[in-house]
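Engineer: The following comprises the amino acid sequence and a computationally predicted model.
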Amino acid sequence: MRILISNDDGINAPGLACLETIAGELSDDVWVVAPETEQSGKGHAVSLRTPVRLRQLGERRFAVDGTPGDCVMMGLRHVLDRPADLVLSGVNRGCNVADDVTYSGTVAAAMEATLLGVPAMAFSQDYRKRLVHWDTARSHGPDIVRRLLDTGWPEGVLINVNFPAVEPGDVAGVAVCRQGQHDFSKQKPVKRSDPFGYDYYWMAGWGLDLEATKAGTDLRALAEGRVAVTPISLDMTDNQTMESLTARFA
C-alpha cells in the first residue's frame, strides 16, 4: 500500500513525525509532501496567483511553499511516480471538530485527496494546558486506520479522526459521530499596537464548545475521552432546503 502524508502544521511539526510513525506501521511505501511553513486555518485554499516551489529533503520527503491543498495536489499529480492508495493528513496539534473543519488545513488536505479520487483521513490530537499526548494518536492511530480501511466508505467522503486529550491507556473507546457546532458569538478581532505605534489585530474567542453536552457529536466524544470518527461528505447540499426552494420556484 502506498501512502502519501501531509499536514498543515509544517514539515517540521511533531504531529507529522507522529503520523509518519503511524503510516510506517501500515506500509513501507510512505511519502511525505508537507508545507514548508505552518498553514493552520488556511482551509481548502490553493495557490492560483503565486508560483509553488518544491524542495526535496530526502528520498521520499518533500516540502512545498504552499497550502495543504497544494501539497496534496503536488504529491499525487507530480511527486509520486504511480498513484497513492491512501492519503493521511495530520496529526494536527489541536482538535478539528465541529465547525473547525471549514477552517482546517488538516481536513483540507484530506478534501483535496478525496477530490482527486484517493481515500483520505484527517487526524488531530486534542490537548489541554499545552500538554499534547502524541502517544495517544501514535498508539491508537494504526488500528483505527486498519479498521476504517477494512470497512471502507463511499467516494466523495473523507474520514475525520480526533483523538482525546488523555493518555493512551485512558482512551474510553471510539465513537462514530456527527459534527457538532461551536459558539462563535464571542469571536472578534482584538486590537493591539506594535512598538512603532501601529495597530494590529488578533482573532480571539475562537470556537467555544456549544454542543459538548449533546449526544452523538464529535465534541461530546472528546469530552468523554473517546476517539471521534466523523465521515464528512464533500457534497454540502442541504437536501431539505433544496426541496422547499424547488417547490417555491416551480
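Structural biologist: Now that the structure is in, tell me what you want to look at.

Engineer: what about residue 166, which SS state?
Structural biologist: Using DSSP: H, G, I helix; E, B strand; the rest coil, the structure places residue 166 in coil.

Engineer: residues contacting it?
Structural biologist: Taking C-beta atoms under 8 Å, 6 or more residues apart in numbering as the contact definition, residue 166 lies against 133, 136, 172, 225. In this view, the C-beta of every residue, glycine as well, is placed from N, C-alpha and C.

Engineer: Where does the prediction get shaky in this structure?
Structural biologist: 204-213 (pLDDT under 70).

Engineer: Would you mark the buried spots in the longest helix along it?
Structural biologist: The residue-count maximum for a helix in the chain (DSSP state H) belongs to helix 134-151. For helix 134-151, the neighbour count (16 or more other C-beta atoms under 10 Å) marks 134, 136, 137, 138, 139, 140, 141, 144, 145, 148, 149 as buried.

Engineer: Same check on stretch 63-77?
Structural biologist: For stretch 63-77, the neighbour count (16+ other C-beta under 10 Å) marks 63-76 as buried.

Engineer: Convert the C-alpha atoms of it to CSV, please.
Structural biologist: Extracted in CSV, the C-alpha atoms of stretch 63-77 (Å, rounded to 0.1, in the frame of the first residue of the first chain):
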residue,chain,number,x,y,z
ALA,A,63,8.4,20.4,1.3
VAL,A,64,6.1,22.8,-0.6
ASP,A,65,5.9,26.5,0.0
GLY,A,66,2.1,26.4,-0.4
THR,A,67,-1.1,25.3,1.2
PRO,A,68,-2.0,21.8,2.3
GLY,A,69,-4.2,21.6,-0.8
ASP,A,70,-1.1,22.5,-2.9
CYS,A,71,0.9,19.8,-1.1
VAL,A,72,-1.6,17.0,-1.9
MET,A,73,-2.0,18.2,-5.5
MET,A,74,1.8,18.2,-5.9
GLY,A,75,2.2,14.9,-4.2
LEU,A,76,-0.5,13.0,-6.1
ARG,A,77,-0.1,14.6,-9.5
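
Engineer: Give me the residues contacting it.
Structural biologist: Counting by C-beta under 8 Å, 6+ apart, 4, 6-8, 11, 31, 33-37, 39, 42, 44-47, 52-55, 57, 62, 83-84, 87, 89, 105-106, 108-109, 111-113, 116, 118 sit against stretch 63-77.

Engineer: Now, those that are in strands?
Structural biologist: Among these, the members found in strands (DSSP state E) are 4, 6, 31, 33, 34, 35, 54, 55, 57, 62, 87, 89.
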